[in-house]
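In: Predicted model and sequence follow; I will ask about them next.
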Amino acid sequence: MFRPEEIIFAPTARCNLRCAHCRVTRVPDELDAASAIAFMEDCAARGVERVGFSGGEPFLRPDFLREVSSAAVGLGLLFDRLMTNGVWWRDEAELTEVLGGLADAGFDGKLGLSVDAYHDSEAEALGAFVLAAFGAFGRRDCVEILSVESADDAPLLEKLRRLAAVAGGGLILEDGRPAAIAEAPPRRGAPPRPDGEELRIDIRRFPYSAAAEEDAWRSESWFEDDWCAGPGNVFYVHPNGKVAVCCGFANENEELVVGRLSEGCEALLASAARSPRVRACYETGLGERRKALEASGTIFPGKTSDLCFFCDYLCKKGL
């Protein structure tokens, strides 16, 4: 059953980068902070606990981030991630001002920094962002790296090593894969450091998820249902005010849009409850939907282990 625990606001679809894997539709709309806050108040009264930010590049709307973050603090909401490419700023004065304003507004979630083979960003610029974030938030663990896997990790590893050097630490590998940027372990018997003073940037890797238009039918086995867990139970608010019930790229599909934020939380929940697509994602499972389609004669081009690809495919094909 779909029951949102989080709102993810995408205040703008604008971005200073044009990454090959990005599927964000470049709509000209900009999300209004007052409308977002009213919707957040409505959702908070009905049990939604967290708020996060995505885009586009959300730091291109610092006004929105400050106003909504301040309101979220007043509502007692928790912060999740604020996703960013980390290189949106024109100069370090702007970088310091914007991050300082966000910290003053009360945001204390993670800054989710996108670093992978698909983002055209230099290690030195990313390092400047990380150091400015440490200064603004007074912590050296306020950043985490989210990285989409690619066929060749060698260039990424070199970029991460350079970033680690700028941040004042080293790259930690686990089974040859990047796991974190951190300092050397303290000497045995050294007193523990105050909370937030120890450098720690966790690196979270995610498999590349193909869109419906791509050939992703080469798996030996089918995906396993997870009923869109973690953090799938979200209201994702697009810059044009449309609200989807998906945290991934498939949220561009109209079948996963349950209304507009002006309609309010209860109306959107009712719309979600009526939607066969939403029920398939969150209740019966897309695996059961696949079996039902095959039983009725649908033949898929192959198998896929990518649940998001399969969902996008079903939406695009109207299945």
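Out: Looks like it arrived, so ask away.

In: Would you state the helices of this protein in chain order?
Out: 33-44, 62-75, 92-104, 123-137, 154-167, 265-274, 276-279, 286-295, 307-317 (DSSP state H).

In: tell me the most buried of these?
Out: Across those, the average number of neighbours (mean count of other C-beta atoms under 10 Å) peaks for helix 307-317, which reaches a mean of 21. Every residue, glycine included, has its C-beta placed from N, CA and C.

In: Residues contacting that helix, please?
Out: 209-214, 216, 223-226, 246, 248-250, 253-256, 277, 281, 286, 289-290, 304, 319 (C-beta atoms under 8 Å, 6 or more residues apart in numbering).

In: relative to helix 286-295, how tilted is that helix?
Out: If you take axes from the mean of the first three to the mean of the last three C-alpha atoms, to 10 degrees, helix 307-317 sits at 50 degrees to helix 286-295.

In: Could you report the distance from N16 to F59?
Out: Separation of N16 from F59 (C-beta to C-beta, to the nearest Å) stands at 9 Å.

In: shared neighbours of the two, anything?
Out: Joint contacts of N16 and F59 (C-beta under 8 Å, 6+ apart) are W88.

In: Compare the two and say which is more crowded by neighbours.
Out: Counted by other C-beta atoms under 10 Å, N16 and F59 do not tie: F59 has more neighbours, with 29 against 14.

In: mind listing what the nearest residue to the more buried one once chain neighbours are set aside touches?
Out: Spatial nearest neighbour of F59, excluding adjacent residues (C-beta to C-beta, 6 or more residues apart in numbering): W88 at 4.7 Å. When contacts are counted by C-beta under 8 Å, 6+ apart, W88 touches C15, N16, E57, F59, L60.

In: close enough to count as contact, the fourth one and R66?
Out: Okay, so that is F59. No. Checked against C-beta atoms under 8 Å, the pair F59 and R66 is beyond contact range at 11.1 Å.

In: thinking again about what came up before, now, the contacts of helix 307-317 that are in strands?
Out: Among the contacts of helix 307-317, no member is found in strands (DSSP state E).

In: thinking again about what came up before, from L77, how far out is the residue nearest to F59?
Out: 25 Å.

In: before we move on, back to that, of all the helices of the chain, which lies closest to A20?
Out: helix 154-167 (14.4 Å; C-beta to C-beta).

In: can you give me the angle that closest one makes with helix 123-137?
Out: If you take the same axes, to 10 degrees, helix 154-167 sits at 40 degrees to helix 123-137.

In: and helix 154-167, how far from the chain's centre?
Out: In terms of C-alpha atoms, centre = their mean, to the nearest Å, the centre of helix 154-167 is set 22 Å apart from its chain centre.

In: now swap in stretch 216-227 and tell me
Out: For stretch 216-227, the distance to the chain centre is 22 Å (C-alpha atoms, centre = their mean).

In: Next, the buried residues of that stretch.
Out: Across stretch 216-227, burial judged by 16 or more other C-beta atoms under 10 Å covers A216, W222, F223, D225, W227.

In: quick one: terminal-to-terminal distance for that stretch?
Out: 20 Å (C-alpha to C-alpha, to the nearest Å).

In: Please work out the average pLDDT along it.
Out: The average pLDDT for stretch 216-227 rounds to 92.

In: residues in contact with it?
Out: Looking at what lies outside stretch 216-227 - C-beta under 8 Å, 6+ apart - the contacts are 210, 232, 281-283, 285-288, 290, 300-307, 309-310.

In: rerun that using 7 Å as the cut-off
Out: Defining contact as C-beta atoms under 7 Å, 6 or more residues apart in numbering, one finds that stretch 216-227 is touched by 210, 282, 285-287, 290, 300-307, 309-310.

In: ok, now stretch 253-273?
Out: Applying C-beta under 7 Å, 6+ apart, the set of residues contacting stretch 253-273 from outside is 2, 35, 39, 42-43, 46, 235, 237, 241-246, 250, 275, 277-278, 312, 315.

In: repeat for stretch 128-146
Out: Against stretch 128-146 from outside (C-beta under 7 Å, 6+ apart): 86-87, 92, 95-96, 99-100, 103, 110-115, 167, 196-204, 206.

In: Can you flag the buried ones in those?
Out: Looks like the contacts of stretch 128-146 have 86-87, 95, 99, 103, 110-115, 167, 198-201, 203 buried, using 16+ other C-beta under 10 Å.

In: Much appreciated, bye for now.
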